[in-house]
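[1] Okay, structure incoming, though there's no sequence with it:
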Ligand code: ADP
Ligand code: MG
């Protein structure tokens, strides 16, 4: 069964999409069949993998409203073993259109359930909000990976995010865990990055990944070439760090007595 991990933080610009694309590609590179689901109407993960949105017949939106099955939507990413469920701007309509639907929080879970056997990992790239799309992602997932930008205000708003995870765990998805906290946009030259890391480790302890993602210009450039960093510049610090993150995640999941995700959101 696939490990399903949603990458969430209601703040924009913290590295959710960069992490979704590059962790997915690194997992695929490590031999894991991986599906990246673009749950953001801004569709940055779709564009960042070089997919021409105008050429798509069906997107996540059609799947969520019941007009397509997962297999009709999923496309090749250009990276071996990595697949994409693309998104497009029409996904904005989903929330309002589904207002009266009694199972509106479970539509993504239902759409993805036939995919579970076909993939080792399914990563869900969330929009920068705690909207119905993020609720759907957390309801479908086994774990929530939270990117924290190593800058001032990084921990602000985190309480609200953790409260949302807790509520979804209580009401919708009892086995939901915190997969981990990932420090992104890390600059080891600044005291501020060190301070954020210290605060995060004080509060979240071993939930914080040892791997930190450096602020690296090549990571910001890669999406404009429609490629993950491992394809664009495999020797760059960004590529090395996302490969290390994938290895750390695989080690965690393969650890004896840890059939998946251990951390509980409480
Ligand atoms: P989110 O999905 O949380 O809104 P993104 O992953 O889109 O955040 O990142 C926001 C911006 O910062 C993008 O322009 C992206 O290219 C850039 N960025 C993200 N991570 C890094 C990094 N580690 N180094 C340099 N630029 C980054
Ligand atoms: Mg994003």
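    Right, received. Where do you want to start? Note that this is a predicted model, so its numbers are computed, not measured. Numbering: from 1, shown residues only. Ligands and ions are numbered 1, 2, ... in the order given.

[2] give me the element the closest residue in space to residue 80 that isn't next to it in sequence is part of.
    Of all residues not flanking residue 80 in the chain, residue 28 sits nearest, at 6.6 Å (Cβ to Cβ, 6 or more residues apart in numbering). Placement of C-beta: from N, CA and C, glycine included. Residue 28 is part of helix 16-29 when elements are defined by DSSP states H and E.

[3] Which stretches in this structure count as helices?
    16-29, 44-48, 60-64, 70-73, 94-97, 107-112, 132-140, 158-171, 191-204, 217-221, 229-232, 237-254 (DSSP state H).

[4] which one of these is the most hemmed in?
    helix 16-29 (a mean of 27; mean count of other Cβ atoms under 10 Å).

[5] how about that one, does it reach ligand 2?
    Yes. Helix 16-29 reaches ligand 2 (Cβ under 5 Å from the ion) through 16, 17.

[6] quick one: that helix to helix 237-254, angle?
    Helix 16-29 and helix 237-254 are oriented at 70 degrees to each other (axes from the mean of the first three to the mean of the last three Cα atoms, to 10 degrees).

[7] pLDDT (mean, whole number) over helix 16-29?
    The pLDDT scores in helix 16-29 average 98.

[8] And ligand 1, is that helix touching that?
    Yes. Applying Cβ under 6 Å from any ligand atom, one finds helix 16-29 in contact with ligand 1 at 16, 17, 18.

[9] which of the residues you listed lies closest to residue 52?
    Taking Cβ to Cβ as the measure, residue 52 lies nearest residue 17 of these, at 17.8 Å.

[10] What are the neighbouring residues in contact with the closest one?
    Going by Cβ atoms under 8 Å, 6 or more residues apart in numbering, residue 17 touches 40, 44, 45, 48, 125.

[11] again with residue 232
    Counting by Cβ under 8 Å, 6+ apart, residue 232 touches 218, 221, 222, 225, 239.

[12] now for those, which pair is the farthest apart?
    Farthest apart among those - using Cβ to Cβ - are 225 and 239, which lie 13.3 Å from each other.

[13] measure the closest residue to residue 45 other than its chain neighbours to ligand 1 for me?
    In this structure, residue 45 finds its nearest non-sequential neighbour in residue 38, 4.1 Å apart by Cβ to Cβ, 6+ apart. Here the distance between residue 38 and ligand 1 works out to 11 Å (Cβ to the nearest ligand atom, to the nearest Å).

[14] isn't residue 38 right next to residue 83, touching?
    No. The criterion here is Cβ atoms under 8 Å, and residue 38 misses it with residue 83 at 11.5 Å.

[15] Against ligand 1, how distant is residue 122?
    Counting by Cβ to the nearest ligand atom - residue 122 and ligand 1 are separated by 18 Å.

[16] what do you get for residue 219?
    Distance of residue 219 to ligand 1, computed by Cβ to the nearest ligand atom: 4 Å.

[17] In contact with the residue nearest to that residue when sequence neighbours are not counted, which residues?
    With sequence-adjacent residues excluded and distances taken as Cβ to Cβ, 6+ apart, residue 219 is closest to residue 238, at 3.8 Å. The neighbours of residue 238, taking Cβ under 8 Å, 6+ apart as the test, are 22, 213, 214, 216, 218, 219, 222, 229.
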